[in-house]
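Chemist: Take this sequence and fold it.
(2 chains)
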Amino acid sequence: MSLIKETEKYLCELVRNIGYDIDNIELVPSSRPEFGQYQINVAFSLAKEKHENPRVIAEKIVNALDNRFINVNIQGAGFINVSFSNEVLKEYLNKCLDGIDNLIDKGDSKKIIIDYGGANAAKALHVGHMRSANIGEAVKRLLKVLGHDVIGDVHLGDLGRQSGMLISEYKRMRPDSPFFDPNFEGEYPKIELTAQDLGVMYPKASVDANNNPERMDEVREITALIDKGDKAYTSLWKQMVDISSEVIKKVYDKLNCHFDLWEGEMDAFKYIPDVLKIMQPYLYESEGALVCDVIKEEDNRPMPPLIVIKKDGASIYGTRDLGTIYSRMERFNPDEIWYFTDERQSLYFEQVFRACYKTGLVKESCKLKHFGFGTINGKDGKPYKTRDGGVMELDSLINIIRDEVEKNIKEEITGSEREHIADILSIATLKYADLLSFRKTDYVFDPEKFASLDGKTGPYVLYTLVRIKSLLKKANDKEFKLLNIDNNEVLDILIKILEVSKVLNKSYEEATLNYIEELIYEVLSLYNKFYNNNQILNEKDDDLRKTYLAVSKLVYNVIHNLLDILAIDEVDRM
RNA sequence: GUUCUGGUAGCUCAGCUGGAUAGAGCAACGCCCUUCUAAGGCGUCGGUCAAGAGUUCGAAUCCCUUCCAGAACACCA
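Modeler: Coordinates of the predicted model:
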């Protein structure tokens, strides 16, 4: 258990013993550091409830405190200020030099499925996919650290209009192929296409279909045929999906995103009949489609019904999501399913979730949650595009950052090591920037700013770690131990590190990583200040040198573990 | 049109389950290298928290109104 949590429990017990019935007290980092490390504001709420003087309540609490605190004082109308004694801090933090277990508080373990990634098969990953990947992967790792049982699913968009687009294009390229011969019987051949080919074919088909209604009808027809299980088209499409999957996987690997399940919409297919059977009593026909009402009496906004079967008889993305949820319930029986997609899909997910509960597809005890995120914009405030206004592919985006980041690597580092460092640094830069703002906030993509050594950036973080690692490596001392922590710069670092537990829990509750990044920056910034003003290796006083080294090790350990949650790798030099 | 999200320093953003004097980064200006990676650190400047009214010991935070911006709103995902 973390020191903060343990202390809060103690305080809660203490206040109860005085005669106030409360279930928790918060130890808040002080907004007025000159009065102490922490403030306790409980006297105000109790005063309001009991109609007593907050100052009197504060005095009662203060008088009961034991000697784990020093500098206890009451300010203003009833602010209680306390600081931990150095002995308490040393004893606790000396146990935190390796690993992160002593710094965090685990709750009840839940089984949670995380649906993130969402790449479209047969189309290159683009900017929009990056946030889902980065946020989803980090949240997945965070949940694991907090003791949950997590399953991450890439949930590929491998069914839908792009299949019709690509097959119609292939038909124009190879009209004589057996896939288009209705009389063909036997094994369909292997197609000779690369992911690059598919990347060229899709936009070509898309442009044509958008300008030509007949072509669009053909696309729809092919899409519907796959939906209905057409052998030739399904075989062709599956091959296309496999071809592009390899490339998609490589990009996800670059981003350190590793999925437990590599499934997609097509995998939901076989569950759709069961889903329809269960939902049957709630389905009705509307404008040719089969829909399910999801409006509730208390709604004060339009809530259109969820379309389950289109008027052409084919499934739609909602149907596939329902099938996926059903399959997850059957196979894993999770406590929760979390979705990470663009915020613009929030109404859609609301519809799907309501349909699940209403029809009994999902039991009430299983929580379905959608966590939307904001868009990545250019400096003009509009979604980030290539110079000519096209969709920015994720790979190009990585290369843009890589060009910037290269400038920060020392010239003396060359060859494959340089390449390796550039790889890690560019992903770290991209991720740090991507996770820096609150999940729902749109942010401006600014490669130069992100790759800068100054400010809240990946390079700043990794550079600081490089210095710590170099220093720890040079240290001859066998013993790293906090012995003398009277130095204020040291104390500031230690107190900041105590926040880890709360920061992780807050990040979990809101499914956002910006709090973690903020903490990383604050710790490292305090460490840099300390590093600048103190000689660590050359410190003559044994106790001080051991303490300084222990602080360095503690900082490294904490930041290393936090970066691991964010799926950000480090380098040894740069 | 209805609903949702947002409006905080010149710029980019935190803070929003009400707490003491509203924060950070960048930019600008000024300091600190016989130094463990100065690729760093320190300082200064910078605010009607969109506007107005309300709730209370206390409001950037909660409620209401208005203005501005973005998004969603049935067979695309």
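Chemist: Look at the residue in chain A sticking out farthest from the centre and tell me its secondary structure.
Modeler: The outermost residue of chain A relative to its centre, with distances by C-alpha atoms, centre = their mean, is residue A:183 at 49.7 Å. Under the three-state scheme (DSSP: H, G, I helix; E, B strand; the rest coil), residue A:183 adopts coil.
Chemist: Now do the phi/psi pair for the closest residue to RNA strand B within the stretch 51-200 of chain A.
Modeler: RNA strand B sits closest to residue A:160 of the stretch 51-200 of chain A, with a gap of 2.7 Å, by C-beta to the nearest atom of the strand. (Glycine included, C-beta is placed from N, CA and C.) Torsion angles at residue A:160 (phi, psi; degrees, to the nearest 10) stand at phi 140, psi -160.
Chemist: cool, residue A:114 as well?
Modeler: Dihedral angles for residue A:114 - degrees, to the nearest 10 - are phi -110, psi 120.
Chemist: per-residue pLDDT, it?
Modeler: On pLDDT, residue A:114 comes in at 97.
Chemist: Residue A:131 touches residue A:373, doesn't it?
Modeler: Yes. Counting by C-beta atoms under 8 Å, residue A:131 touches residue A:373, with 4.8 Å between them.
Chemist: More neighbours: those two, which one.
Modeler: More crowded of residue A:131 and residue A:373, by other C-beta atoms under 10 Å: residue A:373, with 26 against 23.
Chemist: in the sheet, who's paired with the more buried one?
Modeler: With DSSP bridges as the criterion, residue A:373 is bridged to residue A:342.
Chemist: Double-check it against residue A:135; I have them as touching.
Modeler: Yes. With contacts counted by C-beta under 8 Å, residue A:373 reaches residue A:135, the gap being 6.0 Å.
Chemist: got any residues that touch both of residue A:131 and residue A:373?
Modeler: A:340, A:342 (C-beta atoms under 8 Å, 6 or more residues apart in numbering).
Chemist: If we ignore the residues flanking it in sequence, what's nearest residue A:492?
Modeler: With C-beta to C-beta, 6 or more residues apart in numbering as the criterion, residue A:492 has its nearest non-adjacent residue at 5.2 Å, and that residue is residue A:526.
Chemist: With residue A:119 instead?
Modeler: Spatial nearest neighbour of residue A:119, chain neighbours left out: residue A:248 (4.8 Å); criterion: C-beta to C-beta, 6+ apart.
Chemist: Check the secondary structure at that neighbour for me.
Modeler: Assigned with three-state DSSP, residue A:248 falls in the helix class.
Chemist: Isn't residue A:216 up against residue A:206?
Modeler: No. Using C-beta under 8 Å, residue A:216 makes no contact with residue A:206, being 9.9 Å away.
Chemist: Now do the phi/psi pair for the residue farthest from the centre of chain A.
Modeler: The phi/psi pair for residue A:183 (degrees, to the nearest 10) is phi -90, psi 0.
Chemist: List the buried residues of the helix or strand containing residue A:559.
Modeler: Using DSSP states H and E, residue A:559 sits in helix A:542-565. Neighbour counts over helix A:542-565 (16 or more other C-beta atoms under 10 Å) mark A:544-559, A:561-565 as buried.
Chemist: Wait, the residue nearest to residue A:119 touches residue A:123, no?
Modeler: No. Look at residue A:248 against residue A:123 with C-beta under 8 Å: they stay out of range, at 9.1 Å.
Chemist: ok now do the residue of the stretch 51-200 of chain A closest to RNA strand B, which residues does it touch?
Modeler: A:120, A:223, A:265, A:317.
Chemist: Just to be sure, residue A:524 is in a strand?
Modeler: No. In this structure, residue A:524 is helix, not part of a strand, as judged by three-state DSSP.
Chemist: Tell me how far it lies from RNA strand B.
Modeler: 8 Å (C-beta to the nearest atom of the strand, to the nearest Å).
Chemist: Residue A:103: how many residues sit nearby?
Modeler: 25.
Chemist: Residue A:242 too?
Modeler: Residue A:242 has 12 nearby residues by other C-beta under 10 Å.
Chemist: now residue A:346
Modeler: Neighbourhood size, residue A:346 [other C-beta under 10 Å]: 15.
Chemist: do the same with the one 3 residues further on
Modeler: In terms of burial, residue A:349 registers 18 neighbours under the definition other C-beta under 10 Å.
Chemist: With residue A:187 instead?
Modeler: 8.
Chemist: ok but it is inside a strand, no?
Modeler: No. Remark: residue A:187 does not belong to a strand; assigned using three-state DSSP, it is coil.
Chemist: what about the helix or strand containing residue A:471, near RNA strand B?
Modeler: For residue A:471, the element it lies in under DSSP H and E is helix A:458-474. Yes. Interface with RNA strand B: helix A:458-474 contributes A:460, A:463, A:466, A:467, A:470, A:471, A:474 (C-beta under 7 Å from any atom of the strand).
Chemist: In these, find the pair that's most separated.
Modeler: A:460 and A:474 (22.0 Å; C-beta to C-beta).
Chemist: quick one, which of those two is more surrounded?
Modeler: Ranked by neighbour count (other C-beta under 10 Å), residue A:460 and residue A:474 place residue A:460 first, with 21 against 9.
Chemist: Do I have it right that the more buried one meets residue A:524?
Modeler: Yes. Assessed by C-beta under 8 Å, residue A:460 is found in contact with residue A:524 at 7.4 Å.
Chemist: In contact with the most centrally placed residue in chain A: list those residues for me.
Modeler: Ranked by distance to the mean C-alpha position of chain A (C-alpha atoms, centre = their mean), the top residue is residue A:135 at 2.1 Å. Residues in contact with residue A:135 (C-beta under 8 Å, 6+ apart) are A:116, A:340, A:371, A:373, A:434, A:435, A:439, A:511, A:512, A:513.
Chemist: C-terminal to the strand or helix carrying it, what's the next element?
Modeler: Assessed by DSSP H and E, residue A:135 sits inside helix A:127-145. Following helix A:127-145 in sequence order, the next helix or strand is strand A:149-153 (DSSP H and E).
Chemist: so for that next one, what's the average pLDDT?
Modeler: Rounded mean pLDDT across strand A:149-153 is 97.
Chemist: ok, residues contacting that strand?
Modeler: A:109-117, A:136-137, A:140, A:143-144, A:258-263, A:332, A:334.
Chemist: now with 7 Å?
Modeler: Outside strand A:149-153, the residues within contact range by C-beta atoms under 7 Å, 6 or more residues apart in numbering are A:109-116, A:136, A:140, A:143-144, A:259-261, A:263, A:332.
Chemist: Which among those count as buried?
Modeler: A:112, A:113, A:114, A:115, A:116, A:136, A:140, A:143, A:259, A:261, A:263, A:332.
Chemist: Does anything pack onto the helix or strand where residue A:196 lies? Which helices or strands?
Modeler: Residue A:196 is located in helix A:195-211, with elements delineated by DSSP H and E. The contact analysis (3 or more C-beta pairs under 7 Å, 6 or more residues apart in numbering; DSSP states H and E) places helix A:195-211 against helix A:161-173, helix A:213-227, helix A:231-254.
Chemist: what's the average pLDDT for it?
Modeler: 88.
Chemist: buried sites along it?
Modeler: Those would be A:195, A:197, A:198, A:199, A:201, A:202, A:205, A:206, A:208, A:209, for helix A:195-211 by 16+ other C-beta under 10 Å.
Chemist: Run a quick neighbour tally on residue A:391.
Modeler: Counted with other C-beta under 10 Å, residue A:391 comes out at 16.
Chemist: Farthest pair within the buried ones among the contacts of strand A:149-153?
Modeler: The most distant members of the buried ones among the contacts of strand A:149-153, if one measures by C-beta to C-beta, are A:143 and A:263, lying 19.1 Å apart.
Chemist: how about the nearest residue to the closest residue to RNA strand B within the stretch 1-150 of chain A, chain neighbours excluded?
Modeler: Going by C-beta to the nearest atom of the strand, RNA strand B is nearest to residue A:44 of the stretch 1-150 of chain A, at 2.8 Å. Once flanking residues are discounted, residue A:44 sits nearest to residue A:54: 5.2 Å by C-beta to C-beta, 6+ apart.
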